[in-house]
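Chemist: Got a predicted structure here, sequence first:
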Amino acid sequence: MTEIVSSEGLCVTHCASLNELAHQFSEGTDFILITEEALVSSSLQAIERALRKQEPWSDIPIILLASAGPTPSRWTTGFVSKLAGNANISILERPVRVPTILSVLRSAKRARNRQRQLQGLLLQEKESASKLRSARDQLEQRVRERTSELSRINENLTSEVKERERAERDLRNLSAKVLRIQDEERRRFARDLHDGVGQILTGALIAVSQASSCSEPLPSPCQSGLRDVEDLLQQAVREVRTVSHLLHPPLLDESGLFSAVRWYAEGFSKRSGVKLRLEFDERKDRFDRNVETGLFRILQEALTNVHRHSQAEAVHIKITASKGRLLLRIQDDGKGIPSDALATTANGSQGVGLSSMRERTALLGGTFKVETNSSGTVIVVSVPIQIPKTLLA
Ligand SMILES: Nc1ncnc2c1ncn2[C@@H]1O[C@H](COP(=O)(O)OP(=O)(O)O)[C@@H](O)[C@H]1O
Ligand SMILES: [Mg+2]
């Protein structure tokens, strides 16, 4: 038998008993060949245990060489009934012809090889499943890390945004304060100038007029000197009045925005030579004092720019009040605002005029728009007639 098996190129291990076989066979064993004579009941348990211990993929072929006869021997019956559930047993009755035994050995070996291939596939599958699991674990870990990093960045951003909003709010409050103080100062200074220096000059003018109309005739050089003083005093009174009114027109407090705009714009046209077209219904409507002062200051600034920069021949001022908003539009036919000047004033780094107009509009909760090209400039300011409560400091 050893010869036959060796002729198939297989290496043969002899075992003297089932006990020894139970210890000898392994995953590398192709099949087990047992002769009926080795079946001793006392060692059946050992081989049964060894067979049970096989890996799930392994079902080692067992070939039992039994004695010929009408019924199987009790050894064979005992062995088969004991292991039938757990073993892959083929029984060959002796005498067996060599070709028969060879074909059984070959098919046993083929079956064993199949099992090994299956084991290989199972291993590969296990390996890829474990690789997949570890890749998924790594990915999950990375997602967790990234998520926590993002939420940290998000927290920082949120606090930066809050910080920035607070700074912007502070800045807005500050500029609102500055503009209010400036308006108050101008109002106070205009009144002081008018009531103080203006009154003194008027007094001096009366005194000089009285002196020049004195019944006692004065020597003629004194008379002409007094006349000169009277002229100069009259000029000074007019000048003080103009400067005081330009600083803060009393009309703005007394008669409202429309009258003040008409007075100021007509004076501007006379002083600058720029033709004027006014378009609004001069109504006696009064608006919030902040709205009236704000729009008047914007108009003053815009007309100053027209005079200083635009080389315009004409200016068109339009005011409309509708749907709860006041709209002030100032259009000139000058050369337009150079794009670099517009860009630098937009971020507040040059010229205070345009940015203070923008600032005043924002403080009234309104919108400010500049349209400009080589044939002129249009400034459009639209503010709510009722200033939103949130903007009132
Ligand atoms: N109506 C206008 N027409 C042409 N250029 C203008 C006009 N208004 C403003 N500008 C340009 O925009 C610049 C910024 O104006 P502004 O902010 O009022 O600052 P400033 O008058 O002090 O120069 C001016 O220097 C001028 O070049
Ligand atoms: Mg200016």
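Modeler: Looks like it came in fine. Residues are numbered from 1 along each chain as shown. Ligands and ions are numbered 1, 2, ... in the order given.

Chemist: number of nearby residues for Leu105?
Modeler: Neighbour count for Leu105, taken as other CB atoms under 10 Å: 20. To be clear about C-beta, it is placed using only N, CA and C from the backbone, and glycine gets the same treatment.

Chemist: wait, isn't it in contact with Phe31?
Modeler: Yes - Leu105 is within contact range of Phe31, at 7.0 Å (criterion: CB atoms under 8 Å).

Chemist: Name the residues contacting each of those two.
Modeler: Ile63 (CB atoms under 8 Å, 6 or more residues apart in numbering).

Chemist: who does Asn88 bridge with?
Modeler: Per DSSP bridges, the residues bridged to Asn88 are Pro61.

Chemist: before we move on, what about Gly376?
Modeler: Listed beta-bridge partners, Gly376: Asn373 (assigned using DSSP bridges).

Chemist: pLDDT score for it?
Modeler: Per-residue pLDDT puts Gly376 at 97.

Chemist: swap in Asn156?
Modeler: Among the per-residue scores, Asn156 shows a pLDDT of 96.

Chemist: Ok, Gln350 next?
Modeler: The model's pLDDT for Gln350 equals 58.

Chemist: Next: Leu299.
Modeler: Looking at Leu299, its pLDDT reads 97.

Chemist: residues contacting it?
Modeler: Residues in contact with Leu299, defined by CB under 8 Å, 6+ apart, are Val261, Tyr264, Ala265, Ile317, Leu328, Ile330.

Chemist: ok, 10 Å please
Modeler: 257, 260-261, 264-265, 268, 317, 319, 328, 330, 357, 379, 381 (CB atoms under 10 Å, 6 or more residues apart in numbering).

Chemist: Now whatever residue of the stretch 151-300 of the chain ends up closest to ligand 2: which helix or strand?
Modeler: Going by CB to the ion, ligand 2 is nearest to Gln300 of the stretch 151-300 of the chain, at 10.0 Å. Using DSSP states H and E, Gln300 sits within helix 289-305.

Chemist: same check, this time on Ala108
Modeler: Counting by DSSP H and E, Ala108 is found in helix 98-192.

Chemist: angle of that helix against helix 289-305?
Modeler: Helix 98-192 and helix 289-305 are oriented at 90 degrees to each other (axes from the mean of the first three to the mean of the last three CA atoms, to 10 degrees).

Chemist: Just checking the distance from helix 98-192 to the centre of its chain.
Modeler: How far helix 98-192 lies from its chain's middle: 17 Å, per CA atoms, centre = their mean, to the nearest Å.

Chemist: if we can go back for a sec, got the buried residues for the helix holding Gln300?
Modeler: Of all the residues in helix 289-305, those buried under the rule 16 or more other CB atoms under 10 Å are 290-303, 305.

Chemist: Also stretch 6-26?
Modeler: Using 16+ other CB under 10 Å as the test for burial, stretch 6-26 gives Cys15, Leu18, Asn19, Leu21, Ala22, Phe25.

Chemist: Tabulate the residues you listed in a markdown table, adding columns for pLDDT.
Modeler: Output for those, formatted as a markdown table (pLDDT from 0 to 100):
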| residue | pLDDT |
| --- | --- |
| Cys15 | 91 |
| Leu18 | 87 |
| Asn19 | 89 |
| Leu21 | 91 |
| Ala22 | 90 |
| Phe25 | 90 |
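
Chemist: now those as CSV including distance to Asp183 and secondary structure?
Modeler: Converted to CSV, those look like this (distance: CB to CB, whole Å; DSSP: H, G, I helix; E, B strand; the rest coil):
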residue, distance to Asp183, secondary structure
Cys15, 115, coil
Leu18, 115, helix
Asn19, 114, helix
Leu21, 113, helix
Ala22, 109, helix
Phe25, 107, coil
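
Chemist: can you put those residues in TSV and add distance to ligand 1?
Modeler: Output for the buried residues of stretch 6-26, formatted as TSV (distance: CB to the nearest ligand atom, whole Å):
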residue	distance to ligand 1
Cys15	108
Leu18	109
Asn19	109
Leu21	106
Ala22	104
Phe25	100
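
Chemist: And these, which two are furthest apart?
Modeler: Asn19 and Phe25 (11.9 Å; CB to CB).

Chemist: Flag every residue of the stretch 251-393 of the chain that's near ligand 1.
Modeler: 305-306, 308-310, 332, 334-338, 341, 345, 351-354, 377 (CB under 6 Å from any ligand atom).

Chemist: quick one: which of the residues you listed sit in strands?
Modeler: When strands are assigned by DSSP state E, the members of these inside them are Asp332, Thr377.

Chemist: Among the residues of the stretch 251-393 of the chain next to ligand 1, name the buried ones.
Modeler: 305-306, 309-310, 332, 334-337, 345, 353-354, 377.

Chemist: what does the domain assignment say about the protein?
Modeler: Domains of the chain are assigned by automatic domain parsing as 2-96, 255-393.

Chemist: Any stretches of the stretch 251-393 of the chain with poor pLDDT?
Modeler: Along the stretch 251-393 of the chain, the parts satisfying pLDDT under 70 run over 344-350, 387-393.

Chemist: Would you point out which residue of it is nearest ligand 1?
Modeler: Closest to ligand 1 within the stretch 251-393 of the chain is Gly353: 2.0 Å, counting by CB to the nearest ligand atom.

Chemist: Switch the buried ones among the residues of the stretch 251-393 of the chain next to ligand 1 over to TSV; also include distance to Val5.
Modeler: Shown next, in TSV, are those (distance: CB to CB, whole Å):
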residue	distance to Val5
Asn305	113
Val306	117
His309	113
Ser310	115
Asp332	115
Gly334	115
Lys335	112
Gly336	108
Ile337	107
Thr345	103
Gly353	111
Leu354	106
Thr377	110
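
Chemist: which of these come close to ligand 2?
Modeler: Among these, the residues that sit close to ligand 2 (CB under 5 Å from the ion) are Asn305, Gly353.

Chemist: Surely Val261 touches Leu251?
Modeler: Yes - contact status for Val261 versus Leu251: in contact at 9.1 Å, counting by CB atoms under 10 Å.

Chemist: shared neighbours, those two?
Modeler: In contact with both Val261 and Leu251: Phe296, using CB under 10 Å, 6+ apart.

Chemist: re earlier: pick the one among the buried ones among the residues of the stretch 251-393 of the chain next to ligand 1 closest to Leu44.
Modeler: Nearest to Leu44 among these, with distances taken as CB to CB, is Thr345, at 104.9 Å.
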